[in-house]
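> pasting the sequence and the predicted coordinates here, then a few questions.
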Amino acid sequence: MKIRYFGNGQECCVYCEDEAFLIKLHQLFEGFEVIDSNDNGCLVYSQIHVIYIKEGKYCVIHEEVKEVWNIEQALGYVVKTVLGLLGKEINKKYFLHGGCVQYRGKNNCFLGKTKSGKSTLTYFLCHEPYCQYITDDLICIDESLNCVPFLKPIFIRDSKYIEDCNNITVIQYQDEYRYCTMPEHKIAKNELYKIENIFIVERNPMKEFTVERLSVSAAFINIWQNMYKSEFIYDKRNIALIIAKSTNVFKLNYRDVTCDLKMILGYMK
C-alpha cells in the first residue's frame, strides 16, 4: 500500500500481505490518501516491508532495520516511520508541534512540550458539539500561514482518558504504549484553514486554571520553540514572528481536562 500526504507531496510505501496488519494500518491512515498495491518493487528508503512469520510475530525490514516484533511493536515502528516521512518539511511547508481543532468556525492550535496534555485536550475537544478535528502532533503550515490538515489518529498515552474502546488501535513504540483513535467529526482534508487562536499548553493539577494573553515577543519565542527543527532557521524565525503578530496567543494551564474543558471552550470562540 502507498500512503500519501497531499499537503506536501510526500509518500511512503508499505509492503505487507498479512490481512490483519493491513486492516489496522488502513484504520490508522484513513485520513491520508491510501492506495492498495501488490507491487513490492525495490526496497528503497521510503518503503517498509512487513512479513508475517508465525505465532503473532512480524519481521519488519526498512533500511538498516530487520527486527522481529509482535503486532503492536511492528505497527508502532511502521506508523512512526511513515508519519516521519510524510511529515518532512518541503516546498515551504512548516510543522508546529501541537494539535488543532475547529470550534464554531474558528481554528485553535494547542502547542506545548511533550506530555503537556495537547493530545488529551485535542481528543476531548473533538467530542464536543461544534468541534471538528484538524490535526494532532503535526500542524502543517503553508507559505500563506494557513493550516493544512494532517489527519492522523490522536495518540494518547494514558488509557484512562479513552472513552470509546471500540475504535482504539494499540501500538507500542520504544517501550511505550499509545492508544490511537480517529475522531468522528473531521474537517475537509483538501481545504486550508486560517489559524485564529494559539494556546501554549501546560497541564499542572497543582496550579489554578489560567489563560493569559501573551505579548508578541513572548508569543514569538513560544511558537518558535514549538517548530520542528530544520536547516531553514532564518525562515522559521520569520514565520514564527508573523504567526505571533497575526494570531491571538495565550498561555494556558489546565488542571484536568474533564473539569476544565468548558472553561477552555469559552476562550476558543
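Thanks, I have the structure now.

> next one, pLDDT for residue 144 please.
Predicted confidence (pLDDT) for residue 144: 89.

> could you check how far it is from residue 116?
Applying CB to CB, to the nearest Å, the value for residue 144 to residue 116 is 28 Å. For glycine as for every other residue, the C-beta is placed from the backbone atoms N, C-alpha and C.

> check residue 238 too.
Distance, residue 238 to residue 116, by CB to CB: 26 Å.

> of these two, who's got more company?
For residue 238 versus residue 116, neighbours defined as other CB atoms under 10 Å are more numerous around residue 116 (21 against 12).

> which residues touch that one?
Going by CB atoms under 8 Å, 6 or more residues apart in numbering, residue 116 touches 201-203.

> could you tell me the per-residue confidence at it?
For residue 116, the model assigns a pLDDT of 92.

> out of everything not next to it in sequence, what's closest to it?
Nearest residue to residue 116, sequence neighbours excluded (CB to CB, 6 or more residues apart in numbering): residue 201, at 5.0 Å.

> for the one you found, name its beta-bridge partners.
Beta bridges link residue 201 to residue 252, judged by DSSP bridges.

> do you know the pLDDT at it?
Looking at residue 201, the pLDDT reads 97.

> cool, and the one 4 residues further on?
According to the prediction, residue 205 has pLDDT 93.

> from the contacts of residue 116, which is closest to residue 87?
For the contacts of residue 116, the residue nearest residue 87 by CB to CB is residue 201; the value is 20.1 Å.

> circling back: show the buried residues in the contacts of residue 116.
The neighbour-count test (16 or more other CB atoms under 10 Å) marks 201, 203 as buried among those.

> can you give me every residue that contacts residue 96?
Contacts of residue 96 (CB under 8 Å, 6+ apart): 109, 111, 138-139, 141, 223, 226-228.

> nearest residue to it other than its sequence neighbours?
Distances taken as CB to CB, 6+ apart place residue 139 nearest to residue 96, at 4.1 Å, with adjacent residues excluded.

> element containing the one you found, please.
For residue 139, the host element (DSSP states H and E) is strand 138-141.

> look up the closest residue to residue 155, ignoring the ones flanking it.
Nearest-residue entry for residue 155: residue 178, 4.3 Å, with adjacent residues in sequence omitted and distances by CB to CB, 6+ apart.

> okay but that neighbour is in contact with residue 171, surely?
Yes - counting by CB atoms under 8 Å, a contact exists between residue 178 and residue 171, whose distance comes to 5.2 Å.

> now do the shared contacts for these two.
76, 155.

> and residue 70, how many neighbours?
Residue 70 has 13 nearby residues by other CB under 10 Å.

> number the residues from 521 up from this point.
All right, first residue 521 from here; so that's residue 590.

> next, the contact list for it, please.
Per CB under 8 Å, 6+ apart, neighbours of residue 590: 576-578, 692.

> switch the cut-off to 6 Å
Applying CB atoms under 6 Å, 6 or more residues apart in numbering, we find residue 590 in contact with residue 576.

> pLDDT score for it?
pLDDT, residue 590: 96.

> that one pairs with what?
Applying DSSP bridges, one finds that residue 590 bridges with residue 577.

> how near is it to residue 534?
17 Å.

> same deal with residue 569?
For residue 569, the distance to residue 534 - CB to CB - is 8 Å.

> please identify which of these two sits among more neighbours.
Applying other CB under 10 Å to residue 569 and residue 534 shows that residue 534 carries more neighbours, namely 24 against 16.

> excluding chain neighbours, what is closest to the more buried one?
Nearest non-adjacent residue to residue 534, counting by CB to CB, 6+ apart: residue 568, 5.0 Å away.

> what's the helix or strand hosting that neighbour packed up against?
If you go by DSSP H and E, residue 568 is part of strand 567-572. Strand 567-572 is packed against strand 530-536, strand 577-582, with contacts defined by 3 or more CB pairs under 6 Å, 6 or more residues apart in numbering; DSSP states H and E.

> right, I'll leave it there.
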